[in-house]
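Student: Predicted model and sequence below, questions to follow.
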Amino acid sequence: MIDLATSAPWLTLLPPVLAIVLVIATKRVLLSLGVGVVSAALLVNGLDPLATIASVWQAFAVIFWDDGAINAWYVGILAFVVMLGIITAFIMMSGGTRAFAEWAVRRIRGRRGALLLPAVLGLVIFIDDYFNALAVGQVSRPVTDRHRVSRAKLAYIIDSTSAPVSVLAPFSSWGAYILGVIAPIVAASALPVSGLAALVGASVANYYAIAAVLLVWLVIAFRIDIGPMRREERRAIVDGQPFDPSETVPGQLSDDLPEHRPGAKHALALPFIALVVGILAGIVGTGWRASGSADLLEILAATDASMSLVIGGVLGLAAAVVTYLRTTRRDPSFSPATFWRGTRAGVKAMLPALGILIPAWMLGDLVAQLGTGDYLGGLLEDASMPAAWLVPVVFLVAAGMAFATGTSWGSFGLLLPLAGGIIEGMGASDMLLPAFGAVLAGAVAGDHASPISDTTILSSTGSGSSVATHVVTQLPYAVCAAVCAGLGYVALALTGSVAAGLAVTVVGLAAFVVLAKTLLRPVEAAQPA
């Protein structure tokens, strides 16, 4: 068998790059992911066709069954996605969606107000990016649809306030994981700070996450629509169509489900309150059980996020079913057959998301077997340069790794210890926290822009936008934030100052806003009255 990955290690980049280019060029996500999976399996097995088939099957099977047991992580996420679809169906049939939308429309004035709803919720729900991506969209979508906001714009706001906010928050599943990685590195270094202080210091140097969140608010405040986003916003405003009806949209319920009238806001509020309470209880309960500690950070570090989502999903589903049964019990148009029709409709609405998540995870597994991350990490290890200039290089490598593999956490686990070891070996402890910040920033940037990232897919699902449309409409904004962050890291390398780098990042964002406002009229203003 030919070992192509060893003889030509650059080939390890081919499958993810091929899948990403095809997604952008063809907008056919499943086909693109399939090509990426098969090409990765071929490279892993030295072009042996029979071994390739076996590898593809193994990559699929391990999602459901691993090491002689159910793969609780992946199966739990899939189960939560399905339960959220069913919850949404029952809320709609109970009249909760319509009642909440009518209530919100009376209080939220204009498109800008509608856009602020997901932006604020994205900041508030910082505990976990998966929960954020799915829950914010389900709550905000009725309001943004009423105010003629495109699903693509909603998906962009959700995606830009999920992982970027979670990575900046110390008391989140992300913060706890990162703390667990960097705490021993900091303890073994010459840096006189605690692990938590190091995490906060790295967050201040996480220019991309800061830029991505700030850019959301600038886009809303100054009505900045660039690239393909202008087309999507124009369709929503002029035609009243928030998405392209010819595209497959995950999370979209069928139009033939009955709605109870007049409906009530509590039909939406109670299931989502139960969902939130269940997830938070699951996070605390699973973390406390695994860590045996009452310390919040240790609980968050040990929590089982997938199981927490399942616990919240079960409670939310139970609340949605009870609310549905109580609301519709005297309505003759709602029969046991209607109940099961709603259940099937909820599952069916989430099938496109499941169909994209599974091959994306398969591609991630095969790319890991290829050693794509190790290859990019090796490039960093072989770099010979001053410690300060290692910071912008780390940012670029982390971005490339997360973009190619579709996972930021994998990049964290590989590059944080690697960058820390290199910096300490140079005797430049003052650059340790900026280097950590650059790794976090680059990994989130790559994950944010990658069409094979699970947060990208879940943000599309929560908002009801097709994955391909979300990727191409979000990319210009992600690139803008990444360029501004990159300039910030160059400034940091030149000055040695984290504050100077952050200032350059913010100035870059301001320059982008001025340029966009000068060259482009807002889509609303460009339309005929």
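Tutor: Received, thanks. Numbers count the residues shown, from 1 in each chain.
Student: so where does the residue positioned nearest the centre of the chain fall, helix or strand?
Tutor: Geometric centre of the chain, nearest residue: residue 455, 2.5 Å, by C-alpha atoms, centre = their mean. Using DSSP states H and E, residue 455 falls within helix 454-463.
Student: Sketch out the low-pLDDT regions of this structure for me.
Tutor: Within the chain, the stretches with pLDDT under 70 are 1-7, 127-128, 173, 248, 250-256, 373, 376-377, 379-384, 524-529.
Student: how about the strands in it?
Tutor: Assigned by DSSP state E, the strands in the chain fall at 65-66, 69-70.
Student: Please tabulate those in a markdown table, including the columns mean neighbour count and distance to residue 477.
Tutor: In this view, the C-beta of every residue, glycine as well, is placed from N, C-alpha and C. Shown next, in a markdown table, are the strands of the chain (neighbours: other C-beta atoms under 10 Å; distance: least, C-beta to C-beta, whole Å):
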| stretch | mean neighbour count | distance to residue 477 |
| --- | --- | --- |
| strand 65-66 | 13 | 36 |
| strand 69-70 | 10 | 38 |
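Student: With distance to residue 283 as extra columns, can I get these in JSON lines?
Tutor: Output for these, formatted as JSON lines (distance: least, C-beta to C-beta, whole Å):
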{"stretch": "strand 65-66", "distance to residue 283": "23"}
{"stretch": "strand 69-70", "distance to residue 283": "21"}
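Student: For residue 416, which of the ones you listed is the nearest?
Tutor: strand 65-66 (25.2 Å; C-beta to C-beta).
Student: Quick one: the helices in the stretch 251-400 of the chain, in order.
Tutor: 266-291, 296-302, 305-328, 336-370, 372-382, 387-405 (DSSP state H, counting those that start in this stretch).
Student: Can you list the buried residues in the fourth one?
Tutor: Just to be clear, that refers to helix 336-370. 338-339, 341-343, 345-347, 349-350, 352-370 (16 or more other C-beta atoms under 10 Å).
Student: same question, the shortest one
Tutor: Across helix 296-302, burial judged by 16+ other C-beta under 10 Å covers 297, 298, 299, 300, 301, 302.
Student: elements contacting it?
Tutor: If contacts are counted by 3 or more C-beta pairs under 8 Å, 6 or more residues apart in numbering; DSSP states H and E, helix 296-302 sits against helix 173-187, helix 266-291.
Student: Figure out which of the ones you listed is closest to residue 508.
Tutor: Between the helices and strands packed on helix 296-302, helix 173-187 lies closest to residue 508; by C-beta to C-beta that is 24.7 Å.
Student: who's in contact with the closest one?
Tutor: 127-129, 163, 166-167, 169-170, 193-196, 198-199, 202, 283, 297, 299-303, 305, 409, 412-413, 416-417, 420-421, 432, 436, 440 (C-beta atoms under 8 Å, 6 or more residues apart in numbering).
Student: From those residues, keep the buried residues only.
Tutor: By 16+ other C-beta under 10 Å, those give 127-129, 163, 166-167, 169-170, 193, 195, 198-199, 202, 283, 297, 299-303, 305, 409, 412-413, 416-417, 420, 432, 436, 440 as buried.
Student: any idea what sits nearest residue 288, other than its immediate chain neighbours?
Tutor: residue 299 (5.4 Å; C-beta to C-beta, 6 or more residues apart in numbering).
Student: how far away is that neighbour from residue 135?
Tutor: Separation of residue 299 from residue 135 (C-beta to C-beta, to the nearest Å) stands at 21 Å.
Student: got it, and residue 261?
Tutor: Using C-beta to C-beta, residue 261 is found at 26 Å from residue 135.
Student: got it, and residue 359?
Tutor: 25 Å.
Student: returning to that earlier point: distance to residue 316 for the helices and strands packed on helix 296-302 - can I get that in CSV?
Tutor: CSV is the format used below for the helices and strands packed on helix 296-302 (distance: least, C-beta to C-beta, whole Å):
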stretch, distance to residue 316
helix 173-187, 19
helix 266-291, 3
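Student: Select, out of those helices, the one closest to residue 213.
Tutor: It is, among the helices and strands packed on helix 296-302 and with distance given as C-beta to C-beta, helix 173-187, at 13.8 Å.
Student: Which positions in that closest one come out as buried?
Tutor: Buried residues in helix 173-187, defined by neighbour count with 16+ other C-beta under 10 Å: 173-183, 185-186.
Student: could you check the angle helix 305-328 makes with that helix?
Tutor: Helix 173-187 runs at 160 degrees relative to helix 305-328, counting by axes from the mean of the first three to the mean of the last three C-alpha atoms, to 10 degrees.
Student: May I have the residues that are in contact with residue 472?
Tutor: Per C-beta under 8 Å, 6+ apart, neighbours of residue 472: 24, 27, 227, 228.
Student: meant to ask about residue 36, not that
Tutor: Neighbouring residues of residue 36 by C-beta under 8 Å, 6+ apart: 15, 16, 18, 19, 20, 22, 359, 363, 452.
Student: Tell me the spacing between it and residue 194.
Tutor: Counting by C-beta to C-beta, the gap from residue 36 to residue 194 is 42 Å.
Student: do residue 269 as well
Tutor: Distance from residue 269 to residue 194, by C-beta to C-beta: 40 Å.
Student: Could you report the neighbour count for the closest residue in space to residue 385 that isn't next to it in sequence?
Tutor: Excluding the flanking residues, the one nearest residue 385 by C-beta to C-beta, 6+ apart is residue 393, at 6.9 Å. Other residues near residue 393 come to 19 when the count uses other C-beta atoms under 10 Å.
Student: hang on, the earlier thing: could you work out which of the helices of the stretch 251-400 of the chain reaches nearest to residue 210?
Tutor: Of the helices of the stretch 251-400 of the chain, the one closest to residue 210 (C-beta to C-beta) turns out to be helix 387-405, at 13.1 Å.
Student: Show me what the closest one packs onto, helices and strands only.
Tutor: Using 3+ C-beta pairs under 8 Å, 6+ apart: helix 387-405 touches helix 14-26, helix 336-370, helix 372-382, helix 408-425, helix 432-449, helix 467-495.
Student: mind checking how far the second one is from the chain centre?
Tutor: Spelled out, it's helix 336-370. Between the centre of helix 336-370 and the centre of its chain there are 16 Å (C-alpha atoms, centre = their mean, to the nearest Å).
Student: tell me what that helix is packed against?
Tutor: Judged by 3+ C-beta pairs under 8 Å, 6+ apart, the packing partners of helix 336-370 are helix 14-26, helix 29-44, helix 49-61, helix 72-93, helix 387-405, helix 454-463.
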